[in-house]
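Colleague: just to be clear, the model below is a prediction. Sequence and coordinates:
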Amino acid sequence: MLREAARVPRPVRRLLGRAQSRVLDPATCHSRLLFDGDYPAAALSRYLDYPEDAPGSWMRADPVGITPDLGAVWLHEKARLCSESPAARELVALFSEEGMRLDLIGSGRGYLALKRLPDCRFTPPWQLAGESMDRVWPQGPEALYWRRLLNETQMILHQHRQSSPELPGSLWFWGAGEVPVTPPVARVRLIRATSPELLGAAAWAGLDVVEAASKELDAMPGALVEWQPDCGRTAEDNLERLASYLAVALRHLRFSGRLRELELAGEHRVWRLSTLRAWRPW
């Protein structure tokens with residue numbers, strides 16, 4: 001939104017101008033905000049989907065859409081693949097031959113049970129929008145192996161799309177790793193969120209969760225709130241909505257004594273504003 005907006009509302013501009021900022025790794029941004037540590041997304045969301053079968057090494061294998069044009073193949077999120085479909089059964093057999101178990105669940109997420117962690121870096125799905133596939137391929141010593149598996153999944157799905165055009169274009173690998181049995185101490189006490197990575201992390205760490213529709217968490221100390229933009233509005237309109245929320249939190253930070261710090265984060269960066277910095281005139 002900051003890149004697209006022609007103007008930035010004053011509360012947002014003041015917070016960004018006065019706060020200290022640091023870079024986040026998009027692959028582990030959720031866990032960094034919750035625990036100040038790097039924990040893989042697949043292992044965290046597994047605690048939401050299959051808490052009884054969460055320990056171990058996991059990789060997300062999420063169905064994604066593919067849109068080809070003359071110059072490239074473009075990827076986008078939000079696709080579904082029924083675990084009972086012929087295409088899904090063929091994919092399960094493919095990964096079984098590779099020594100991995102593929103789980104496809106009703107939420108639209110998929111998981112690969114790994115025998116060992118891949119020596120490879122993968123792109124999270126929220127970085128796929130508007131990107132050509134050649135810009136988001138797996139990278140690293142084992143990249144060719146995982147690119148081959150991506151190609152094979154796409155070939156299988158393409159064959160089945162002749163009779164079932166609603167099928168996704170590919171499975172997307174990302175978020176590989178495992179988490180320790182004992183979770184670390186969290187930086188927050190409760191969350192309001194919709195992302196499976198945050199909800200799974202809350203289940204893993206035993207944090208309280210408030211429904212996303214609830215208004216109870218506005219500027220509440222010790223809370224992590226996942227703020228969702230409205231995709232039907234412009235960047236300027238969404239920033240105005242965010243500014244209204246932040247204005248309340250900034251007043252609490254400066255006057256009520258209820259908050260010591262306020263953080264605003266995206267997938268790539270977090271800005272931290274303390275009470276002292278909030279009173280700075282510049």
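Modeller: That came through fine.
Colleague: when you work out contacts or count neighbours from here on, use the C-alpha atoms and nothing else.
Modeller: Fine.
Colleague: wait, a strand at Pro63?
Modeller: Yes. Checked against DSSP: H, G, I helix; E, B strand; the rest coil, Pro63 lies within a strand.
Colleague: contacts only, for the closest residue to it other than its chain neighbours.
Modeller: Leaving aside its sequence neighbours, Pro63 sits nearest to Leu171 (C-alpha to C-alpha, 6 or more residues apart in numbering; 4.4 Å). Neighbour list for Leu171: Ala61, Asp62, Pro63, Val64, Leu150, Thr153, Gln154 [criterion: C-alpha atoms under 8 Å, 6 or more residues apart in numbering].
Colleague: I'd guess Leu171 is in a strand, am I close?
Modeller: Yes. Applying three-state DSSP, one finds Leu171 inside a strand.
Colleague: give the buried residues for the helix or strand of the chain with the lowest mean pLDDT.
Modeller: Least confident element among the helices and strands of the chain, by mean pLDDT, DSSP states H and E: strand 73-76 (a mean of 68). When burial is assessed from 16 or more other C-alpha atoms under 10 Å, strand 73-76 yields the following buried residues: Trp74, Leu75, His76.
Colleague: bridged to the last one, which residues?
Modeller: His76 forms beta bridges with Gly65, as assigned by DSSP bridges.
Colleague: thought it was touching Val64?
Modeller: Yes. If you go by C-alpha atoms under 8 Å, His76 and Val64 touch, sitting 5.9 Å apart.
Colleague: give the other helices and strands that the least confident helix or strand of the chain contacts.
Modeller: strand 58-68 (3 or more C-alpha pairs under 8 Å, 6 or more residues apart in numbering; DSSP states H and E).
Colleague: so what touches the strand it packs on?
Modeller: 41-43, 73-81, 102, 108-114, 168-178.
Colleague: same question, stretch 183-193
Modeller: Identification of contacts with stretch 183-193 by C-alpha under 8 Å, 6+ apart yields 33-36, 199, 202, 204-205, 207-212, 217, 222-227.
Colleague: the helix or strand that the least confident helix or strand of the chain is followed by - what's its average pLDDT?
Modeller: Scanning forward in sequence from strand 73-76 by DSSP states H and E, the next helix or strand is helix 86-97. For helix 86-97, mean pLDDT is 96.
Colleague: by contact count, what packs against helix 86-97?
Modeller: Contacting helix 86-97 under the criterion 3+ C-alpha pairs under 8 Å, 6+ apart are the following elements: strand 101-104, helix 143-161.
Colleague: so which bits of stretch 83-96 are buried?
Modeller: Ser83, Ala87, Ala88, Leu91, Val92, Leu94, Phe95.
Colleague: actually stretch 153-170, sorry about that
Modeller: Quick answer for stretch 153-170 (16+ other C-alpha under 10 Å): Thr153, Gln154, Ile156, Leu157, His158, His160, Leu167, Pro168, Gly169, Ser170.
Colleague: likewise for stretch 43-60?
Modeller: So, applying 16+ other C-alpha under 10 Å, buried residues of stretch 43-60: 43-49, 54-60.
Colleague: which one of those residues sits closest to Arg254?
Modeller: The nearest member of the buried residues of stretch 43-60 to Arg254, counting by C-alpha to C-alpha, is Leu44 at 34.7 Å.
Colleague: what does the helix or strand that closest one falls within contact?
Modeller: Following DSSP H and E, one finds Leu44 within helix 41-49. For helix 41-49, contacts defined as C-alpha under 8 Å, 6+ apart pick out 27-28, 30-31, 53-60, 111, 174-179, 196-201, 203-204.
Colleague: mind checking which of those residues are buried?
Modeller: When these are checked for burial by 16+ other C-alpha under 10 Å, the buried set is 27-28, 30-31, 54-60, 111, 174-179, 196-201, 203-204.
Colleague: which residues touch the residue nearest to Met59 when sequence neighbours are not counted?
Modeller: For Met59, ignoring the flanking residues on the chain, the nearest one in space by C-alpha to C-alpha, 6+ apart is Ala176 at 4.1 Å. By C-alpha under 8 Å, 6+ apart, Ala176 lies in contact with Pro40, Ala41, Ala42, Ala43, Ser57, Trp58, Met59, Arg60, Leu117, Pro118.
Colleague: for Ala176, helix, strand, or coil?
Modeller: Here Ala176 is recorded as strand under three-state DSSP.
Colleague: pLDDT at it, what is it?
Modeller: For Ala176, the pLDDT comes out at 95.
Colleague: state the distance from it to Leu117.
Modeller: 7 Å (C-alpha to C-alpha, to the nearest Å).
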